[in-house]
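A.B. asks: Provided below are the primary sequence and the corresponding predicted coordinates.
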Amino acid sequence: MAKIGFVGLGNMGLPMAQNLIKAGHQVEGLDVFAASVEKLKSAGGAAAANAKAMASHSDAIVTMLPSGKEVREIYLGANGIVENARAGTLLIDSSTIDVDTARSVAKAAEAKNLMMVDAPVSGGVGGAQGATLTFMVGGPDAAFAKAKPFLEAMGKTIVHAGGAGNGQAAKICNNMILGVSMIAVSEAFVLAEKLGLDAQKLFDISSKSSGQCWSMTTYCPVPGPVPASPANRDYQAGFTAAMMLKDLKLAQEAARSASAHTPLGAQAGTIYQHFVESGEQGRDFSGIIRFLRAGKS
């Protein structure tokens with residue numbers, strides 16, 4: 001049993017923290033919303049006074065925050081985690097942020113004799129609730145080995161992607177593929193409609209042919225073929241359009257930094273930008289099909 005601090009108890013963070021409690025750990029939570037901390041307490045956790053106090057007595061700290069700005073603040077501030085954690089404390093950042101921030105925070109942690117991994121996730125709210133998340137992990141071998149048992153309490157697939165920042169690199173590359181492929185699949189279904197081809201027939205063919213991909217077979221953007229997809233629930237979000245746009249922007253930032261040419265990723269970002277600006281930021285990202293159907297892209 002470990003004493004774990006958990007910062008960021010949102011739609012993803014709260015069920016992740018609850019799964020750590022189920023695994024037998026003592027979990028102390030911190031969030032800007034008091035109601036989220038109360039939910040953690042109801043599940044058997046405790047409330048942290050602040051980041052400084054949490055850092056001083058935790059064996060491990062997990063963070064799940066919106067952006068690099070919040071990650072830098074919670075880790076690098078004078079009252080933050082890096083400055084106040086005990087030597088040897090394990091730090092796991094599961095936020096999805098820019099690679100440069102991940103690497104700079106990891107460098108600061110190493111200088112204080114802390115063990116840190118960046119471990120962004122894939123799998124959405126359902127994966128967080130069911131402890132079936134995929135973790136893409138960057139960091140030293142020793143830190144990965146120490147983090148793995150905790151990650152296994154929250155996820156199903158744990159992949160060590162390499163050194164610091166490589167977890168974030170894997171995440172944004174993966175989600176660039178996802179954003180592009182969802183647009184391609186959606187465009188194909190819209191075209192099929194215009195040509196008089198039944199959506200189920202297209203699914204039956206493409207799901208077993210060269211058009212097969214996750215956006216087709218697991219998260220199909222039209223109602224019917226995949227009952228569990230958001231398309232059957234008016235695109236109630238599992239992964240919002242705003243979050244997809246965030247990840248596509250991170251991919252473009254990384255591409256510019258690395259001098260990589262990613263024209264499809266850039267165009268996907270533009271399309272999701274228009275979708276979000278139309279007021280659909282809280283809609284599931286697969287709802288892009290309705291935007292494309294209306295010819296607004």
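C.D. replies: Okay, I see it.
A.B. asks: longest strand in this structure, please.
C.D. replies: In the chain, taking DSSP state E as the definition, the longest strand is strand 155-162.
A.B. asks: relative to the whole chain's centre, how far out is the following helix or strand past that strand?
C.D. replies: The first helix or strand that comes after strand 155-162 along the chain, using DSSP states H and E, is helix 166-195. Taking C-alpha atoms, centre = their mean, to the nearest Å, one finds helix 166-195 lying 16 Å from the centre of the chain it belongs to.
A.B. asks: now helix 166-195 against strand 155-162, angle please.
C.D. replies: 120 degrees (axes from the mean of the first three to the mean of the last three C-alpha atoms, to 10 degrees).
A.B. asks: got the buried residues for helix 166-195?
C.D. replies: 166-183, 185-190, 192 (16 or more other C-beta atoms under 10 Å). In short, each C-beta sits where N, CA and C put it, glycine included.
A.B. asks: quick revisit: show me which residues of the longest strand of the chain are buried.
C.D. replies: Quick answer for strand 155-162 (16+ other C-beta under 10 Å): G155, I158, H160, A161, G162.
A.B. asks: each with direction, which strands does that strand pair with?
C.D. replies: When pairing is defined by DSSP bridges, strand 155-162 lines up against strand 133-138 (parallel).
A.B. asks: average model confidence for the partner strand?
C.D. replies: Looking at strand 133-138 alone, the average pLDDT works out to 97.
A.B. asks: contact partners of it?
C.D. replies: The contact list for strand 133-138 (C-beta atoms under 8 Å, 6 or more residues apart in numbering) reads 16, 94, 102, 106, 117-123, 127, 144, 147, 151, 154-171, 174.
A.B. asks: quick one, strands of the stretch 1-150 of the chain?
C.D. replies: For the stretch 1-150 of the chain, the strands defined by DSSP state E, counting those that start in this stretch occupy 3-7, 26-30, 46-47, 60-63, 90-93, 115-118, 121-122, 133-138.
A.B. asks: tell me the buried residues in the first one?
C.D. replies: Buried positions in strand 3-7, judged by neighbour count with 16+ other C-beta under 10 Å: I4, G5, F6, V7.
A.B. asks: swap in stretch 25-41?
C.D. replies: Buried residues in stretch 25-41 (16+ other C-beta under 10 Å): H25, Q26, V27, E28, G29, L30, D31, S36, V37, K39, L40.
A.B. asks: the third one and A60, how far apart?
C.D. replies: V27 sits 10 Å away from A60, taking C-beta to C-beta, to the nearest Å as the criterion.
A.B. asks: tell me, what's touching the two both at once?
C.D. replies: I4, G5.
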